[in-house]
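Participant: Test case, fold it:
(one chain, ligands or ions: 1)
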Amino acid sequence: MSSYKVRKTPGDNKWFIHDRFGMFIHWGLYALPARHEWIKTREKISDEDYQRYFDYFDPDMFDPGEWAKAAKAAGMKYAVFTTKHHEGFCMFDTKYTDYKCTNTKAGRDLVREYVDAFRAQGLKIGFYYSLIDWHHPDFPIDSIHPMRSCPDAYELNKTRDMRRYAEYMRNQVRELLTNYGKIDILWFDFSYTSKKTLGDIADERINTGKGKDDWEAEELIALARSLQPGILIDNRTELEQDIWTPEQVEVKKWPTHSKTGELVPWEACHTFSGSWGYYRDEMTWKSPEMLLKLLIDCVSLGGNLLMNVGPTARGYMDKRAVEALNVYAEWMKYNSRSVYGCTMAEPEFKAPDGVRYTQSEDGKRLYAHLYNYPFKYLQLPGLAGKVKYAQFLHDASELIADRNAVKNLTHSGGEKHGSVDEDMLILRVPYIKPDVVIPVVELFLD
Ligand code: GLC
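Facilitator: Here you go, the predicted structure:
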């Protein structure tokens with residue numbers, strides 16, 4: 001069994017730790033301007049000017065079943081869907097505002113259709129809910145608000161009541177956790193200090209951030225848990241809950257609790273390109289290697305990957321997103337055994353350069369992911385005598401250990417080429433890399 005002691009958290013995270021891989025879906029009115037989900041504040045667009053996206057939102061090609069099948073094929077076991085993003089537009093039929101999808105040409109509850117379609121494919125259901133709301137009349141103007149440059153922002157804030165907005169959030173979270181069956185993840189986003197600003201602030205008095213007290217986070221989370229007892233909640237209300245959420249960074253060590261130093265359950269979230277929402281002209285799309293390494297790196301450090309798709313305003317995932325999902329589908333079809341139910345390798349197993357290890361939770365199988373494909377021999381330090389059998393995972397073709405190789409590695413034409421440690425496991429590998437973006441060697445441990 002894995003020797004790692006992970007911090008206990010309130011929710012039921014066993015399935016989450018096992019499944020490792022989820023789909024993030026950022027979809028809202030921001031898909032129409034198609035240049036980042038923060039467009040409203042980046043370009044300081046007024047409610048009146050932003051209204052055109054509400055008026056023209058018409059996702060006539062929305063087929064959540066297609067999305068769900070693509071996620072399942074990619075090997076994703078859960079999804080997290082934006083029920084409301086910072087723009088404040090609600091993708092569900094809420095009683096508490098008219099600023100919702102059922103009042104657009106969509107004319108239906110898009111969250112309902114997401115839930116039904118993904119549940120039908122056996123995926124766990126997550127809701128992203130933005131704590132930030134750039135449309136709500138009670139949400140105070142602050143350092144990242146679209147109206148931060150208004151000269152009378154401070155005066156306007158006197159008419160805005162954060163307590164009323166916090167109640168609005170509780171009412172909507174109650175709807176989301178009551179009307180859609182079992183919800184497995186609630187993903188709040190995000191708390192910030194006044195240091196996080198986009199500039200152009202008219203009045204220093206509104207150069208503020210918002211955190212747990214503004215959200216009345218304790219009450220909000222207690223409500224969520226009362227409605228969905230096993231639910232997993234992230235840490236972005238500023239209250240630590242079930243999931244630590246590094247974002248758009250390569251995590252280099254298993255995150256630990258800031259006070260106790262315990263290992264924590266964590267999930268990195270990433271995008272295919274530089275934007276969460278659909279961004280037509282954004283070209284920084286990750287290569288197949290980058291996409292797969294992000295997933296393998298997370299699992300090799302005991303974490304999950306939540307990989308994001310930003311569908312178009314017509315309701316379909318564009319070609320680039322489908323191609324990226326196919327990279328996962330192709331690799332996971334043959335190699336998912338090195339992801340599901342796996343975690344960081346035991347401390348005794350130190351991967352050599354160019355290799356990433358994961359290990360099954362039961363400790364019986366070690367997986368060597370070949371980031372750099374070796375010439376002739378795969379040399380795995382410390383494993384000699386510890387491996388019963390070795391094979392490529394994708395085709396279960398045997399890889400033979402070759403102790404005699406030591407001679408070839410240390411002597412050639414009489415010259416000595418340095419020695420090979422006695423505990424080195426040396427496997428003969430084909431000269432030509434198999435047709436797998438990142439080949440995986442499955443090692444059955446003694
Ligand atoms: C950041 C972005 C937000 C996005 C989130 C996803 O908070 O501001 O737009 O939804 O990351 O983790």
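
Participant: In three-state terms, label the most centrally placed residue in the chain for me.
Facilitator: Nearest residue to the geometric centre of the chain (CA atoms, centre = their mean): Leu306, 1.8 Å. Classification of Leu306 using DSSP: H, G, I helix; E, B strand; the rest coil returns strand.

Participant: OK, contacts around it?
Facilitator: Listed by CB atoms under 8 Å, 6 or more residues apart in numbering, the contact set of Leu306 reads Gly22, Met23, Phe24, Val80, Glu267, Ala268, Cys269, His270. Quick note: C-beta positions are derived from backbone N, CA and C, even for glycine.

Participant: Taking the stretch 301-446 of the chain, what residue is nearest to the ligand?
Facilitator: Asn308 (7.3 Å; CB to the nearest ligand atom).

Participant: ok now do that residue, which residues does it touch?
Facilitator: Applying CB under 8 Å, 6+ apart to Asn308 gives the contacts Met23, Phe24, Ile25, His26, Cys269, His270, Thr271, Phe272, Trp276.

Participant: Who are the contact partners of the nearest residue to the fourth one once chain neighbours are set aside?
Facilitator: Nearest-residue entry for His26: Trp276, 4.1 Å, with adjacent residues in sequence omitted and distances by CB to CB, 6 or more residues apart in numbering. By CB under 8 Å, 6+ apart, the contact list for Trp276 reads Phe24, His26, His36, Glu37, Asn308, Gly310.

Participant: Let's see that with 7 Å instead.
Facilitator: Trp276 is in contact with His26, Glu37, Asn308, Gly310, counting by CB atoms under 7 Å, 6 or more residues apart in numbering.

Participant: and it, that one's in a strand?
Facilitator: No: counting by three-state DSSP, Trp276 is not found in a strand; it is coil.

Participant: Okay, it and the ligand: tell me how far apart.
Facilitator: 5 Å (CB to the nearest ligand atom, to the nearest Å).

Participant: Quick check, Leu186 in contact with Ile221.
Facilitator: No: contact between Leu186 and Ile221 fails when scored by CB atoms under 7 Å: they sit 8.5 Å apart.

Participant: any residues in contact with both of the two?
Facilitator: By CB under 7 Å, 6+ apart, the residues touching both Leu186 and Ile221 are Ile233.

Participant: More neighbours: which of those two?
Facilitator: Regarding Leu186 and Ile221, a neighbour count based on other CB atoms under 10 Å identifies Leu186 as having more, with 29 against 21.

Participant: so how far is the ligand from that one?
Facilitator: Look at Leu186 and the ligand: by CB to the nearest ligand atom, they are 14 Å apart.

Participant: hmm, back to that, tabulate the contacts of Asn308 (CSV), appending secondary structure and pLDDT.
Facilitator: Below are the contacts of Asn308 laid out as CSV (DSSP: H, G, I helix; E, B strand; the rest coil; pLDDT from 0 to 100):
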residue, secondary structure, pLDDT
Met23, strand, 99
Phe24, strand, 98
Ile25, strand, 98
His26, coil, 98
Cys269, strand, 98
His270, strand, 98
Thr271, strand, 98
Phe272, coil, 97
Trp276, coil, 98
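
Participant: right, and the pair among those with maximum separation?
Facilitator: Ile25 and His270 (13.4 Å; CB to CB).

Participant: buried sites along stretch 168-184?
Facilitator: Neighbour-count burial for stretch 168-184 flags Tyr168, Met169, Arg170, Gln172, Val173, Arg174, Glu175, Leu176, Leu177, Tyr180, Ile183, Asp184 (criterion: 16 or more other CB atoms under 10 Å).

Participant: shaky segments in the stretch 301-446 of the chain?
Facilitator: Scanning the stretch 301-446 of the chain for pLDDT under 70 picks out the ranges 406-418.

Participant: Show me the helices in it, by range?
Facilitator: Using DSSP state H, counting those that start in this stretch, the helices of the stretch 301-446 of the chain run over 319-335, 405-410.

Participant: Please apply the same query to the stretch 1-150 of the chain.
Facilitator: According to DSSP H, counting those that start in this stretch, the helices that the stretch 1-150 of the chain contains are 14-19, 39-42, 47-56, 64-73, 110-120.

Participant: Please report the average pLDDT across the second one, rounded to a whole number.
Facilitator: If I follow you right, that is helix 39-42. Per-residue pLDDT values across helix 39-42 average out to 98.

Participant: near the ligand, which residues of the stretch 1-150 of the chain show up?
Facilitator: Neighbours of the ligand within the stretch 1-150 of the chain, by CB under 6 Å from any ligand atom: His26, Glu37, Trp38.

Participant: closest point of the stretch 1-150 of the chain to the ligand, which residue?
Facilitator: For the stretch 1-150 of the chain, CB to the nearest ligand atom, closest residue to the ligand: Glu37, 4.8 Å.

Participant: And for the closest residue to Arg35 other than its chain neighbours, the neighbour number?
Facilitator: Excluding the flanking residues, the one nearest Arg35 by CB to CB, 6+ apart is Tyr279, at 5.6 Å. Neighbour count of Tyr279, defined by other CB under 10 Å: 21.

Participant: one step back: beta partners of the residue nearest to the centre of the chain?
Facilitator: According to DSSP bridges, the partner residues bridging Leu306 are Gly22, Cys269.

Participant: Please tell me I have it right and Pro352 contacts Pro381.
Facilitator: Yes: taking CB under 7 Å as the definition, Pro352 is a contact partner of Pro381 at 6.0 Å.

Participant: of the helices of the stretch 301-446 of the chain, which approaches Phe392 most closely?
Facilitator: Closest to Phe392 of those, according to CB to CB: helix 319-335, at 9.1 Å.

Participant: how distant is the closest one from the center of its chain?
Facilitator: Relative to its chain's centre, helix 319-335 lies at 16 Å (CA atoms, centre = their mean, to the nearest Å).

Participant: try stretch 251-259
Facilitator: Relative to the centre of its chain, stretch 251-259 is centred 17 Å away, using CA atoms, centre = their mean.

Participant: cool, stretch 366-377 as well?
Facilitator: 26 Å.

Participant: Excluding chain neighbours, what is closest to Lys195?
Facilitator: Distances taken as CB to CB, 6+ apart place Gly209 nearest to Lys195, at 7.3 Å, with adjacent residues excluded.

Participant: right, and the one you found touches Thr197 too?
Facilitator: No: using CB under 7 Å, Gly209 makes no contact with Thr197, being 8.6 Å away.
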